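Enquirer: The following comprises the amino acid sequence and a computationally predicted model.
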Amino acid sequence: MAESVLVTGATGFIGRALAARLAAAGLKMRCLARRGSDTSGLEAAGMECVEGDLLDKASLEKAVSGVSAVWHLAALVRSNKILARRKKIEDQFHSVNALGTENLARVSASAGVKRFIYFSSISALGPGDNLNEEAKPRPITAYGHSKLEGELLLRKAAGGTCLDFIILRPAMIYGPGAERWTSLFNAVLTGLVPMPGKGENAISICWLESLLDAALLAAEKGAPGSAFNISEGSIKLNDLISTLAGLMGTKPIVFHFPKPLLGAAVKSSDLALGALGLAMPRLNLLADRAYFQESTSNWSHDTSKLRDLGWNPKDTYDALTLTLKGGGFL
């Protein structure tokens with residue numbers, strides 16, 4: 001009988017691809033989905049979909065019953081509200097990403113799950129230069145703080161149990177279907193790219209398929225309790241735009257918003273909204289100082305720990321080419 005595994009967040013960009021990879025490896029798939037989620041594609045592929053919520057322990061107990069491994073990707077990444085109570089947004093990040101992870105870890109331990117793979121985020125570590133897994137975490141945004149808290153609560157929940165877990169910290173993941181990247185590709189294609197600052201800051205990135213290679217390898221060979229940064233490398237924003245433009249044969253105009261001026265405007269907006277206890281999540285780059293700082297910082301990571309296990313990510317130029325082809329841009 002095929003081994004059964006549970007994937008949370010399987011309706012998302014990364015989760016769908018991971019579920020497909022695991023199914024192709026001969027595993028029996030069970031996917032946890034919130035009520036109202038579109039699971040038709042998963043079900044058409046022969047995967048079992050169960051309704052549940054990370055804050056509903058009873059539904060989690062049902063979901064983990066009989067599985068040998070849990071791949072936990074479900075998370076609140078951003079709010080799409082134009083205007084919302086700041087405290088409410090922060091509480092939602094905490095509830096879903098931190099308490100939800102703890103809930104799932106505890107029921108998994110009680111059910112005798114052998115392996116728990118938690119997809120945290122590089123945001124939990126925070127920006128910096130050549131950071132390895134042992135660097136002191138310095139998250140900036142509410143999302144980053146909640147993902148770090150999820151890591152800590154997972155360690156606490158697994159303590160004294162037989163739950164064998166690893167933590168993955170993916171960088172910015174690109175591939176066909178990644179919404180933010182599709183917006184960037186369209187901007188380069190249509191010829192106008194807005195950019196905060198001079199574009200000299202570097203971002204840490206990874207192709208979707210390389211991420212999946214890393215995740216499967218770490219799950220198989222990673223020591224229990226280990227954390228792994230997952231990044232194919234860093235690239236300056238200007239270089240990224242130039243590479244994309246060269247691949248697509250365009251010459252976009254890059255409109256650089258002066259960082260000091262834009263930063264001052266963001267600070268003013270943030271302070272004014274904060275005084276009212278409000279936030280504008282959909283416009284966080286223009287109204288959230290933490291998000292602005294994160295978006296304009298340098299990110300680079302030491303991934304030798306993962307490479308020592310045999311991980312060899314695809315070259316960025318080749319991966320971007322495949323992504324553009326897969327998205328219909330080439």
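Expert: In hand now; what should we look at?

Enquirer: Can you name the residues in contact with the least confident helix or strand in the chain by mean pLDDT?
Expert: Within the chain, confidence by mean pLDDT, DSSP states H and E is lowest for helix 284-287 among all helices and strands, at a mean of 91. Contact with helix 284-287 is made by 78, 196, 262, 265-266, 269-270, 273, 279-280, 291-292, 295, as judged by C-beta atoms under 8 Å, 6 or more residues apart in numbering. C-beta: built from backbone N, CA, C; applies to glycine.

Enquirer: I'd like the next helix or strand past it.
Expert: Once the chain leaves helix 284-287, the next helix or strand it forms, by DSSP states H and E, is helix 289-295.

Enquirer: Rounded mean pLDDT for that following helix, please.
Expert: The average pLDDT for helix 289-295 rounds to 96.

Enquirer: Can you name every helix or strand that the helix or strand just after that helix contacts?
Expert: Per DSSP H and E, the first helix or strand lying C-terminal to helix 289-295 is strand 299-301. In terms of contacts (3 or more C-beta pairs under 8 Å, 6 or more residues apart in numbering; DSSP states H and E), strand 299-301 is packed against strand 128-131, strand 202-207, strand 233-236.

Enquirer: Could you pull out the buried residues of the least confident helix or strand of the chain?
Expert: Using 16 or more other C-beta atoms under 10 Å as the test for burial, helix 284-287 gives 284, 286-287.

Enquirer: May I see the helices and strands packed on strand 299-301 arranged in CSV, with mean pLDDT and distance to L247 as well?
Expert: Formatted as CSV, the helices and strands packed on strand 299-301 follow (pLDDT from 0 to 100; distance: least, C-beta to C-beta, whole Å):
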stretch, mean pLDDT, distance to L247
strand 128-131, 96, 27
strand 202-207, 98, 14
strand 233-236, 98, 13
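
Enquirer: wait, which of those strands is closest to T321?
Expert: strand 202-207 (10.4 Å; C-beta to C-beta).

Enquirer: That closest one pairs with which strands?
Expert: Next to strand 202-207 in the sheet, as set by DSSP bridges, lie strand 172-174 (parallel), strand 233-236 (antiparallel).
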